[in-house]
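J.: just need the structure, nothing else, for what follows:
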Amino acid sequence: MIVYQIFTRLFGNRNTTRKEWGSVAENGSGKMNDIDAQVLKRIKAMGVTHVWFTGVLRHASQTDYTAYGIPAQNAEVVKGRAGSPYAITDYYDIDPDLAVDVDKRMQEWECLIARTHKAGMKVIMDFVPNHVARQYHSVCKPKGVRDLGEDDDVNMHFSTHNNFYYCWGQPLDLGDVTDSQTYHEAPARATGNDHFDNRPGRNDWYETVKLNYGVDYCDAGGRSEHFDPIPDTWTKMTDILMYWAGKGVDGFRCDMAEMVPAAFWAYATKVVKTAYPHIIFIGEVYNPSLYRTYIGAGFDLLYDKVGMYDSLRDIVCGRRWASDITTQWQQTDDIRDHMLYFLENHDEQRIASDFFAGEPWAAYPAHIVSCLLHANPYMLYAGQELGERGMDKEGFSGRDGRSTIFDYWSMDSVNHGYFDIRKKTPSERKLMDAYKRVMLIAEKEKAASRGLTFDLMYVNGHLAQSQYAFLRKKDNELLLVVANFAAEAIDTGVIIPSHAFEYMGIAEGDADAVELLSDGKAKLHLAVNEAVNVAVPAYGGVVYKIKQ
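T.: Numbering: from 1, shown residues only. Now for the predicted structure:
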């Protein structure tokens, strides 16, 4: 399983104005219709199985769509001209920025789902369960659905009947955010990042309000759970999941899942999967001590951020040794198939940025490891395979090494990769081809997609600092993989211990091998506790395939 993350507003936008703090009229916006059959074919050709369309739900924006019956938002509670895709204003609506015909935005989304399926891939969309925009108001909810907060008793700080938390009659104070407040909210509702007084700060998620799942965070004991009877928010949010599952979506990437109680997820995932057994749930959970709890609550995949991502980033940047990869996979080995590896996403800095590696090839060996070490899924963020640097100063998002999620913008790298492909630079082409090779190995080679893994580092101490070596095997096919994180090419020996021969059923002797990253051929001698000689390029790797 390879997930390709598309930040939809950026992906198809070919407007090159790129004015700082620019409006949608000035800077443009990518559309769902831009992602046509040809673009999807190019994505599929990389070995991608699932496309995560990020930012599809209607969220708070400074752009005026009132002519289409969409409520306007106060700029004081919107981050950036385009707004955060995680400040949802209507769970039942599609972001109008993404539509060619705003009145037909839902049909355009349904057509994109159908096109993606026809291209042979599945569709992931965001589900943002922990918080909503300050001015949340659904104008597209189905008949009979009660809106979030519509029936709340605003005089109660906490009630299982309420969808929000209230600050005992105190008005919202944005004094730390703006000098002259025009947005009024009385009583104030708790802010999305668990800020429970009426004065959120500039660094808080001040544009959002926290949803109430039956947890009282401010009782005498500090926190208590009230899950019986089922809180009103549980049923409302489960109905939203069911609505989108009914549209043909194949899975949900659940934002800040660990900020919502596991008991809700156990309830919601059971309801959804009973009706739609194929649906998968991907959770953004950063606390490793909670991984198994949330998997037990129905999550199919969890971000491996604090473990594998942080490790690989530090290795790329020279802050850890490559051998640390062993430590990371061992910590989650019992839940290996549930861990989603990645090197970039919309929250993280771009590899090629000055804040990360400054060079896209520096993380190519990490790409090899992430795709081929185990059979668990991998996620690629659009532009990573083209060396996108993320070094623009877009507006609300300053020059921080990230591709903005708050501003109207575009990326030449993505345009070259999927739209104006004749403009693709030689360096973009070379990197994209290299990424594609690895992902196709992960997809097509049975030893990579479903074979056994044997970590070779414990007998190869000479590789520990800058190289990582492992074996994969399925039936009579063996892969020897060596990734080189160093800026210099190496000629070295890789020892294969007796236990590997026994565990994987490897035959000793001379073997013909094909190096899958270069199509080169080699003669390898396989013997217990003897070194196999390999030459590995700088910032690269080798994947030797041996049929026994």
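J.: and residue 479, bridged to which residues?
T.: Counting by DSSP bridges, residue 479 is bridged to residue 472, residue 545.
J.: who's in contact with the closest residue to residue 423 other than its chain neighbours?
T.: Nearest residue to residue 423, sequence neighbours excluded (C-beta to C-beta, 6 or more residues apart in numbering): residue 416, at 4.9 Å. To be clear about C-beta, it is placed using only N, CA and C from the backbone, and glycine gets the same treatment. Listed by C-beta atoms under 8 Å, 6 or more residues apart in numbering, the contact set of residue 416 reads 386, 423-425, 428.
J.: confirm residue 416 sits in a helix?
T.: Yes: under DSSP: H, G, I helix; E, B strand; the rest coil, residue 416 falls within a helix.
J.: my read: residue 337 touches residue 376, true?
T.: Yes: with contact defined as C-beta atoms under 8 Å, residue 337 reaches residue 376; the gap is 5.3 Å.
J.: hmm, back to that, show me the two of the contacts of residue 416 that sit farthest apart.
T.: Taking C-beta to C-beta as the measure, the contacts of residue 416 span a maximum distance of 11.4 Å, between 386 and 423.
J.: who's more crowded, these two?
T.: residue 386 (24 against 11; other C-beta atoms under 10 Å).
J.: pretty sure the more buried one is touching residue 433, no?
T.: No: if you go by C-beta under 8 Å, residue 386 and residue 433 don't touch, sitting 10.7 Å apart.
J.: for burial, what's the neighbour tally of the nearest residue to residue 389 once chain neighbours are set aside?
T.: Excluding the flanking residues, the one nearest residue 389 by C-beta to C-beta, 6+ apart is residue 352, at 4.5 Å. Applying other C-beta under 10 Å, we find 25 residues neighbouring residue 352.
J.: secondary structure class for residue 352?
T.: Of the three states, residue 352 takes coil according to three-state DSSP.
J.: related to what we said a few turns ago, do you know the pLDDT at the residue nearest to residue 423?
T.: With respect to pLDDT, residue 416 has a value of 97.
J.: gap between it and residue 5?
T.: Using C-beta to C-beta, to the nearest Å, residue 416 is found at 18 Å from residue 5.
J.: tell me if I am right that residue 315 is in a strand.
T.: No: Residue 315 is assigned helix when assessed by three-state DSSP, not a strand.
J.: ok, it - contacts?
T.: The neighbours of residue 315, taking C-beta under 8 Å, 6+ apart as the test, are 321-322, 324-325, 366, 485.
J.: and the two most separated of the residues you listed?
T.: By the measure C-beta to C-beta, 321 and 366 form the most distant pair in the contacts of residue 315, at 13.5 Å.
J.: these two: which is more packed in?
T.: Shown here are residue 321 and residue 366; by other C-beta under 10 Å, residue 366 has more neighbours (27 against 19).
J.: quick check: which element contains that one?
T.: Element membership for residue 366 (DSSP states H and E) is helix 364-372.
J.: what's downstream of that helix, the next helix or strand?
T.: Going down the chain from helix 364-372, the next helix or strand is strand 378-381, by DSSP H and E.
J.: which elements pack onto that next one?
T.: Where contact means 3 or more C-beta pairs under 8 Å, 6 or more residues apart in numbering; DSSP states H and E, strand 378-381 is packed against strand 2-7, strand 339-342, helix 426-444.
J.: how far out from the middle of the chain is the shortest one?
T.: Put plainly, it is strand 339-342. 9 Å (C-alpha atoms, centre = their mean, to the nearest Å).
J.: so in that sheet, which strands flank that strand, and in what orientation?
T.: According to DSSP bridges, strand 339-342 forms sheet pairs with strand 301-303 (parallel), strand 378-381 (parallel).
J.: thought residue 504 was touching residue 470?
T.: No: in this structure, residue 504 is not within contact of residue 470 by C-beta under 8 Å, at 11.1 Å.
J.: now for the two: what residues contact both?
T.: Residues touching both residue 504 and residue 470 by C-beta under 8 Å, 6+ apart: residue 454.
J.: which of those two has more residues huddled nearby?
T.: Under the criterion of other C-beta under 10 Å, the comparison of residue 504 against residue 470 puts residue 470 first, with 23 against 19.
J.: so what pLDDT did the more buried one get?
T.: With respect to pLDDT, residue 470 has a value of 98.
J.: next, the closest residue to residue 181 other than its chain neighbours: secondary structure please.
T.: On the basis of C-beta to C-beta, 6+ apart, the spatially nearest residue to residue 181 that is not a chain neighbour turns out to be residue 174, at 4.7 Å. Following three-state DSSP, residue 174 is assigned to coil.
J.: what ranges do the strands span in the stretch 1-150 of the chain?
T.: 2-7, 50-54, 57-59, 88-94, 122-127, 131-133 (DSSP state E, counting those that start in this stretch).
J.: what about the longest one, average pLDDT?
T.: Looking back up the chat, that one is strand 88-94. Strand 88-94 shows a mean pLDDT of 98.
J.: swap in stretch 148-156?
T.: What stretch 148-156 shows for mean pLDDT is 96.
J.: chain center to it, what's the gap?
T.: Computed by C-alpha atoms, centre = their mean, the chain-centroid distance of stretch 148-156 equals 33 Å.
J.: in the chain, which residue is closest to the centre?
T.: Among the residues of the chain, the one closest to the centroid is residue 345, at 5.1 Å (C-alpha atoms, centre = their mean).
J.: okay, residue 337 and residue 376: which has more neighbours?
T.: Comparing residue 337 with residue 376 by other C-beta under 10 Å, the one with more neighbours is residue 376, at 19 against 14.
J.: look up how far residue 71 lies from the more buried one.
T.: From residue 376 across to residue 71, the span is 42 Å (C-beta to C-beta).
J.: before we move on, what about residue 451?
T.: Distance from residue 451 to residue 71, counting by C-beta to C-beta: 53 Å.
J.: give me the more crowded residue out of these two.
T.: residue 451 (21 against 15).
J.: so that one makes contact with residue 470?
T.: No: because the distance of 11.0 Å does not satisfy C-beta under 8 Å, residue 451 is recorded as not touching residue 470.
J.: any chance of the helices and strands packed on strand 378-381 in a markdown table, plus mean neighbour count and distance to residue 80?
T.: As requested, the helices and strands packed on strand 378-381 are arranged in a markdown table below (neighbours: other C-beta atoms under 10 Å; distance: least, C-beta to C-beta, whole Å):
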| stretch | mean neighbour count | distance to residue 80 |
| --- | --- | --- |
| strand 2-7 | 24 | 13 |
| strand 339-342 | 23 | 24 |
| helix 426-444 | 18 | 27 |
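J.: out of those, nearest to residue 403?
T.: strand 2-7 (6.7 Å).
J.: and the closest one, which strands flank it?
T.: The strands beside strand 2-7 in its sheet (DSSP bridges) come out as strand 50-54 (parallel), strand 378-381 (parallel).
J.: which one of those lies nearest to residue 226?
T.: Of these, the one closest to residue 226 (C-beta to C-beta) turns out to be strand 50-54, at 33.1 Å.
J.: list the neighbours of that closest one that are in contact with it.
T.: Strand 50-54 is contacted by residues 1-8, 32, 40, 43, 85, 112, 116, 121-126, 250-251, 253, 282, 346, 379 when judged by C-beta under 8 Å, 6+ apart.
J.: ok, stretch 497-505 next?
T.: Residues from elsewhere that reach stretch 497-505 (C-beta under 8 Å, 6+ apart): 452, 454, 456, 458-459, 471, 473, 478, 506, 508, 528-529.
J.: got the CA coordinates for it in PDB?
T.: Only the C-alpha atoms of stretch 497-505 are listed here, as PDB (Å, rounded to 0.1, in the frame of the first residue of the first chain):
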ATOM      1  CA  PRO A 497      25.000 -14.500   9.400                       C
ATOM      2  CA  SER A 498      24.100 -18.200   9.800                       C
ATOM      3  CA  HIS A 499      20.800 -17.400  11.400                       C
ATOM      4  CA  ALA A 500      19.700 -15.500   8.200                       C
ATOM      5  CA  PHE A 501      20.400 -18.600   6.100                       C
ATOM      6  CA  GLU A 502      18.400 -20.800   8.500                       C
ATOM      7  CA  TYR A 503      15.500 -18.400   9.100                       C
ATOM      8  CA  MET A 504      15.000 -17.500   5.400                       C
ATOM      9  CA  GLY A 505      16.100 -20.800   3.800                       C
END
